[in-house]
Structures are given as C-alpha cells and as structure tokens.
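Chemist: mind folding the following:
(one chain, ligands or ions: 3)
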Amino acid sequence: MDSSEFERRRRELMAAMGEGGIAILPAAPERRRNRDVFHPYRQDSDFWYLTGFPEPEAVAAIIPGRAQGEYVLFCRERDPAHEVWDGEIVGQDRAVSDYGADDAFPIDDIDEILPGLIEGRGRVYCTLGSDAEFDAQLLAWINQVRSRARGGARSPGEFVALEHLLHEQRVVKSPAEIRQMRRAAEVSAAAHMHAMRTCRPGMYEYEMEAEYLAAFRRANGWPAYPSIVGGGANACVLHYIRNDARLRDGDLLLVDAGAELECYASDITRTYPVNGRFSAEQRAVYEVVLSAQQAAIEAVHPDNHWNRPHEAATRVLVDGMLSLGLLDGDRDGIIESGEYRRFFMHRTGHWLGLDVHDVGDYRIDGQWRQLEPGMVLTVEPGLYIPPGAEGVDERFQGIGVRIEDDVAVTADGADILTADVAKSIDDIEAVMAA
Ligand code: GLY
Ligand code: MN
Ligand code: MN
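Modeler: Ligands and ions are numbered 1, 2, ... in the order given. Below you'll find the model as predicted:
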C-alpha cells in the first residue's frame, strides 16, 4: 500500500474532525513474552491505518488546519549502536520523506513539543482506556497546557472518542484495502487447499497447523489469530487451540486459520474428513451447514441490514436440527426461545479488516445497520454436537462443522474473497483424493 493511501485516510479523518481539533495516537508498545523475549511486533491497527508506520515508540498528531503541517510524527532517533542489534531505525528524515509526515521529532522530545501543539486546540481526539500508560502521558501533556493558562494558553475543553470517527472510516474498505484483503484471502485459501491434500489419519493436529503456518510465512504473512485445528469432538470446542491430539480415521477435522498480510486479516474455516471421505452422518450435518452458509451469503447485499445473513443462516440451521432429530418443535418457536444455541452458539459473522474481529458498529441508534459496498464480513455458520449431547442419536455426537468465508459487500451483492477453497462435499473429496 503506498503512502498516498495513508494520506487519503488522514485527510478523510481531518475532514470529519473539522478545524480546532487534534488527534493523538500512540503506536503499539512492544510486549514481553517472557524474560528477555518479546512477542513479534504488531503495530496498533488504528495507528497503522493512519500512518503505515511500522515502529513502536511513536506518536502521531493529526492537526487539521495547522499551517506549519497537519501531520506530526514523533518516533525513535537513529542510533547506530542500537541498529547493530535490531536493524535500521526509520528516524525523522525518512518519517518525512517515506511516510508522509509534515514534520517529525525524536520521541524523547515529545514532552517539550506536544503540549505546544495541543495548546489552542479546543478538542482532543484520542482513544482513552486501551493503554493506561499512554493515557497517563496524555493527561500529563494536557496538564502542562493547563498550567500555562495564566500565561494566556488555551487548554482543550473537550475530549472526543477518536474511535467514533476512525472506526466508522475503517468499516468501509477502500479499493486498495479490498485488494490487500483479497491477497490475504488467497494465501489462506491456498493454505487450506494444500492442507486438505496433506491430511492423513495418524497425523497430529499440530502437524496440520504447521502446514498452514508454513504457507502463511512463505507469503511473508503471519496467522491473523491462533489457528484452531480440531479433530473429531475437538471441533465442538469453539476456541480450541491446543492442537495436540492425533487425527483419527473416520473423524472430521475443523481448521479455522487465516493469514494476516501487511496487517490485513483473512479468516477461513473448512471442515473436512481426515481420511478424505465423509460418512453418512458427517455428510448430513455438513450439508445443513453448507446450505445455511449459502443462504447467509445470498443475504449479503446492500439492500439488507447486518443481521439478515445471520437470520437466514439460523433458519436453515434450525430446519436442519429438526430434520436431523437434534431438536423437536417448530422452527419459529425454537428461534424465538434461542433453544438452537445448544448446537449453534455463536453469531454468523463479524466485520473483518485490520483486526480479525474488526471495528465498526453493528447497530446504529438501536437498529441493525445497513450493509454498504466496501464492508467486509465473515459468514461462518456452524453446527456443534458435543459428545454426550442429551437426547441426540449417538451417531451424530462428536461432530462439529463450521464453514467460514470472507465476503465483501458490492453494489449488487457479495464478492467472496475466499472462493478458491473447496467447499462442497464433492469438491473436498476430489481434492483429498488427488
Ligand atoms: N477465527 C476467529 C473467528 O472465526 O471469529
Ligand atoms: Mn475463523
Ligand atoms: Mn471469523
């Protein structure tokens, strides 16, 4: 993604803020894993969205209408001794030349400079409450401005939640974002296809996980979230990430794994037979989930609101629960009472973007929000029949199926970004037999 995309985003945010405001955003801190070991660094999604700047220890100030420059970046200073260990630091010169800052200062000077940028601004846009250390710093800068009030300095009268503006912006993706998300989706789709061909009874779940991880890293990606690789009844544990059991002949394998590329996530689930052939019971459950997913994808359309795909999937799933004998009663009663949640306990999807569960409201003024072209969501119905499920035919116990695709809303419907992964029973069996 080139710097003009980030510039366009800052402009859009500034237009929404109006003059008289200043937005202040911190980079993500580095996080310690244990003793001298840190987690691989991942930039904060809001900070990345507006700057594309990759380093920790940085703060962006966005100041609409400021004559000397509307985008000021504080970042690490170049330091040859440090760079011997950790590689090149961007530094102030390249923050301006490569990252579009109007002005850049060493992060160590922020206490001297930032209060002066805040002074005279009526509104401070920030995301309070997610990083206590940064919140305390911000209040200290504000207090510095307040302490100068007797000398005539004007301190801000309002704190505004930046996320109201920024997350509304992020929920509708630009063409460049859709291209990036399609790349992430394609890498994940190829990983699933490769893994299906690799799967054999007797492998361990972590060996299958390794196939995905290798495919993501080969594309210079990372997993967008911990991969869920659950054989047999482990598929019924929604956030199963132990991934340490052996795969048994005759079981299904549920894999929920997606790559993140340049901070954009994909999120795919496929459920396939360990030995390459669905049993009659697995087939029956799978067909219900697949029909539910198709009904939900058909409901992804700008004429519909957010909840329509979920409603469509739920109707098909409940019909399936009735015909499989998992539940008794009538469809509408079961939906109304929520009884179906015994076997389908999550929602049909979520926004997808820089975060796998991406930002953006699902309701506006209490009403489900309308879908709009450029929004990207997952469609992921499932049916989970745990071992010992009361009143359920034993043949169905221990079967868990989820099918998940990433879908972009278009002017006339939906564009399935993850369409390259086999999904019908015939296609999956053909891929696994090859
Ligand atoms: N992989 C997380 C989710 O499907 O929501
Ligand atoms: Mn998923
Ligand atoms: Mn998902």
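Chemist: how about stretch 357-377, which residues are buried there?
Modeler: Asp358, Val359, Gly360, Arg369, Leu371, Gly374, Met375, Val376, Leu377 (16 or more other CB atoms under 10 Å). C-beta coordinates here come from the backbone N, C-alpha and C atoms, glycine included.
Chemist: apologies, that question was intended for stretch 177-193.
Modeler: 177-178, 180-193.
Chemist: ok, back up a step: near ligand 2 too, which of the buried residues of stretch 357-377?
Modeler: When CB under 5 Å from the ion is applied, no member of those is adjacent to ligand 2.
Chemist: now, the most widely separated pair of the residues you listed?
Modeler: Val359 and Leu371 (16.1 Å; CB to CB).
Chemist: and for the nearest residue to Gln144 once chain neighbours are set aside, the neighbour number?
Modeler: Distances taken as CB to CB, 6 or more residues apart in numbering put Pro115 closest to Gln144, at 4.1 Å, once the chain neighbours are dropped. Neighbour count for Pro115, taken as other CB atoms under 10 Å: 20.
Chemist: got the contact list for whichever residue of the stretch 51-200 of the chain sits closest to ligand 2?
Modeler: Across the stretch 51-200 of the chain, the shortest distance to ligand 2 (CB to the ion) belongs to Ser188, at 10.0 Å. Contact analysis of Ser188 by CB atoms under 8 Å, 6 or more residues apart in numbering lists Phe216, Ala257, Gly258, Ala259, Ser266, Asp267, Ile268, Thr418, Val421.
Chemist: could you measure from the third one over to ligand 2?
Modeler: Gly258 sits at a distance of 6 Å from ligand 2 (criterion: CB to the ion, to the nearest Å).
Chemist: name the surrounding residues that touch stretch 298-309.
Modeler: 296-297, 311-312, 348-349, 362-363, 367-373, 377, 379, 407, 409, 411-414.
Chemist: apply 7 Å and report the result again.
Modeler: 296, 312, 348-349, 362, 368-373, 379, 407, 409, 411, 413-414 (CB atoms under 7 Å, 6 or more residues apart in numbering).
Chemist: start to end distance for that stretch?
Modeler: 8 Å (CA to CA, to the nearest Å).
Chemist: helices of the stretch 1-150 of the chain, start to end?
Modeler: According to DSSP state H, counting those that start in this stretch, the stretch 1-150 of the chain carries its helices in the segments 3-17, 45-51, 80-86, 91-97, 110-118, 132-147.
Chemist: got CSV for the ones you listed, with distance to ligand 3 too?
Modeler: Listed next are the helices of the stretch 1-150 of the chain as CSV, based on distance: least, CB to the ion, whole Å:
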stretch, distance to ligand 3
helix 3-17, 25
helix 45-51, 16
helix 80-86, 34
helix 91-97, 35
helix 110-118, 38
helix 132-147, 29
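Chemist: tell me where the stretch 151-300 of the chain has helices.
Modeler: If DSSP H, counting those that start in this stretch is used as the criterion, the helices of the stretch 151-300 of the chain fall at 162-171, 175-198, 205-218, 280-298.
Chemist: show me what contacts the closest residue to Ala16 other than its chain neighbours?
Modeler: Once flanking residues are discounted, Ala16 sits nearest to Leu165: 4.7 Å by CB to CB, 6+ apart. Applying CB under 7 Å, 6+ apart to Leu165 gives the contacts Leu13, Ala16, Met17.
Chemist: confidence score at the first one?
Modeler: Leu13 is assigned a pLDDT of 98 by the prediction.
Chemist: and the residue of the stretch 201-350 of the chain found nearest ligand 3, how far from Glu372?
Modeler: In the stretch 201-350 of the chain, no residue comes nearer to ligand 3 than Asp267, which is 4.2 Å away by CB to the ion. Distance, Asp267 to Glu372, by CB to CB, to the nearest Å: 20 Å.
Chemist: go on, Arg35?
Modeler: 47 Å.
Chemist: quick revisit: tell me the contacts of the residue of the stretch 201-350 of the chain closest to ligand 3?
Modeler: Ala224, Gly258, Leu352, Val356, Thr378, Glu404, Asp406.
Chemist: what pLDDT does the model give the third one?
Modeler: Residue-level confidence at Leu352 comes out at 99, pLDDT.
Chemist: and the second one, by the same measure?
Modeler: The pLDDT attached to Gly258 in the predicted structure is 98.
Chemist: next, it: phi, psi?
Modeler: Main-chain torsions, Gly258, degrees, to the nearest 10: phi -150, psi 150.
Chemist: repeat that for the last one.
Modeler: Reported as degrees, to the nearest 10, the phi and psi values for Asp406 are phi -110, psi 130.
Chemist: isn't it right up against Leu352?
Modeler: Yes: counting by CB atoms under 7 Å, Leu352 is a contact partner of Asp406 at 5.6 Å.
Chemist: so what sits against both of the two?
Modeler: Asp267, Val376, Thr378.
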